[in-house]
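Participant: Structural data only, the sequence is not supplied:
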């Protein structure tokens with residue numbers, strides 16, 4: 001399978017044919033779910049869900065989809081299922097569009 005990913009200089013974000021990949025620093029068990037902001041090249045996101053049985057990953061994808069104005073299926077965890085450092089795949093937006101929407 002050919003990879004159509006172009007990495008950024010820091011390797012944290014990448015463009016794909018369908019959208020982009022983005023490094024995430026996830027904080028589970030937070031008082032509320034919210035996008036905090038940029039932590040270097042990674043986006044820091046707090047989620048209310050606990051890191052049990054994939055609930056935090058699901059909540060992370062839901063929060064990002066809502067903030068970016070995308071359907072839930074457009075955001076998925078590509079790497080780091082059990083880590084606080086993750087890479088998410090975002091279909092339908094370029095990295096520049098994601099940065100503009102998140103701020």
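Facilitator: Looks like it came in fine. Given the structure is predicted, the values throughout are model-derived calculations rather than measurements.
Participant: Go ahead and flag the most central residue of this structure.
Facilitator: With distances taken as CA atoms, centre = their mean, residue 88 lies nearest the centre of the chain, 4.0 Å away.
Participant: would that residue count as being in a strand?
Facilitator: Yes. With DSSP: H, G, I helix; E, B strand; the rest coil as the criterion, residue 88 is assigned to a strand.
Participant: Residues in a beta bridge with it, which ones?
Facilitator: In this entry, residue 88 is beta-bridged to residue 22, residue 77, by DSSP bridges.
Participant: residues in contact with it?
Facilitator: 21-22, 24, 60-61, 64, 75-78 (CB atoms under 8 Å, 6 or more residues apart in numbering). In short, each C-beta sits where N, CA and C put it, glycine included.
Participant: So for it, what pLDDT did the model give?
Facilitator: Listed pLDDT for residue 88 reads 97.
Participant: Export the contacts of residue 88 to TSV and append columns for pLDDT, distance to residue 49 and neighbour count.
Facilitator: Formatted as TSV, the contacts of residue 88 follow (pLDDT from 0 to 100; distance: CB to CB, whole Å; neighbours: other CB atoms under 10 Å):
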residue	pLDDT	distance to residue 49	neighbour count
21	96	22	21
22	95	19	25
24	97	14	25
60	98	8	26
61	97	11	23
64	97	13	25
75	97	15	24
76	97	16	15
77	97	13	19
78	96	19	16
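Participant: No further questions, thank you.
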